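1. How does the following fold in three dimensions:
(2 chains)
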Amino acid sequence: AQSVTQLDSQVPVFEEAPVELRCNYSSSVSVYLFWYVQYPNQGLQLLLKYLSGSTLVKGINGFEAEFNKSQTSFHLRKPSVHISDTAEYFCAVNILTGGGNKLTFGTGTQLKVEL
Amino acid sequence: NAGVTQTPKFQVLKTGQSMTLQCAQDMNHNSMYWYRQDPGMGLRLIYYSASEGTTDKGEVPNGYNVSRLNKREFSLRLESAAPSQTSVYFCASSRLDRGLNGELFFGEGSRLTVL
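-> All right, here's what the predicted structure looks like:
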């Protein structure tokens, strides 16, 4: 079964500092990878996605992520965070099989940006 | 453009009561989903509908039923609510079959408490 691991449940960081949120997945076949963001009391919205091509993908709000097939990772980074980045971030994987596809989410990482 | 609309936003039930969560999307998407979100567990798929007239079980379907009323609407029913069903429920939709490209559009969530 496919799975997604977000090792850090909470990440505190000071404003303007860099941040990395880690995501690892398990699959021996091709995958699509995503990061979603959830602001308080809202639904999830897509931050960025990797489908194919360049392994470095850029998303909204200055975030980027790098797909590393050998390490089965898709870590999310931002060089300088803002207080408004405080939210929960979810990594998700869509494993491509002949029988159909399903999106599996990680357990989430709460990013708290402090002044 | 409303996107994905869920009703109600909040609901308190007693154990054994029934209720239906409603979801509608105005993006002409084929696929629709119901997820539940619980602390520390991320989002787990309850049921999904790849297209109008079809529904399939997800990861945690027990205690729930769904109806894909038409292309726009996908409802989730709890026949006999249990405290374990206390959660935040999210409806989502996607353009392609079973979210092949993984870009799901989420509603704002329905917070359900079962006493």
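
2. pLDDT on stretch A:91-108, on average?
-> For stretch A:91-108, mean pLDDT rounds to 75.

3. and the residue of chain A found nearest chain B, how many residues sit next to it?
-> Residue nearest to chain B within chain A: residue A:43 (3.4 Å; CB to the nearest CB). In this view, the C-beta of every residue, glycine as well, is placed from N, C-alpha and C. The number of residues packed near residue A:43 is 22, by other CB atoms under 10 Å in any protein chain shown.

4. That one touches residue B:107, doesn't it?
-> Yes. When contacts are counted by CB atoms under 8 Å, residue A:43 is listed as touching residue B:107 (5.4 Å).

5. show me what contacts the nearest residue to the residue of chain A closest to chain B once chain neighbours are set aside?
-> What sits nearest to residue A:43 in space, not counting adjacent residues and going by CB to CB, 6 or more residues apart in numbering or on different chains, is residue B:106, at 3.4 Å. Neighbouring residues of residue B:106 by CB atoms under 8 Å, 6 or more residues apart in numbering or on different chains: A:43-45, B:4, B:90-92.

6. that older thread, quick check: neighbours shared by residue A:43 and residue B:107?
-> B:4, B:90, B:92.

7. Including neighbour count and pLDDT, could the residues you listed go into CSV?
-> CSV is the format used below for these (neighbours: other CB atoms under 10 Å in any protein chain shown; pLDDT from 0 to 100):
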residue, neighbour count, pLDDT
B:4, 23, 95
B:90, 25, 96
B:92, 27, 93
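
8. from the contacts of residue B:106, which two are the most distant?
-> The most widely separated members of the contacts of residue B:106, counting by CB to CB, are A:45 and B:91 (14.1 Å).

9. Tell me which of the two has more neighbours.
-> residue B:91 (29 against 14).

10. wait, does the helix or strand containing the more buried one contact chain A?
-> Residue B:91 belongs to strand B:87-94 when assigned by DSSP states H and E. Yes. Shown here: strand B:87-94 in contact with chain A (CB under 8 Å from any CB of the partner chain) through B:90, B:92.

11. tell me how far the helix or strand just after that strand is from the chain's mean position?
-> Once the chain leaves strand B:87-94, the next helix or strand it forms, by DSSP H and E, is strand B:105-106. Taking the mean of its C-alpha atoms, strand B:105-106 sits 11 Å from the chain's own mean (CA atoms, centre = their mean, to the nearest Å).
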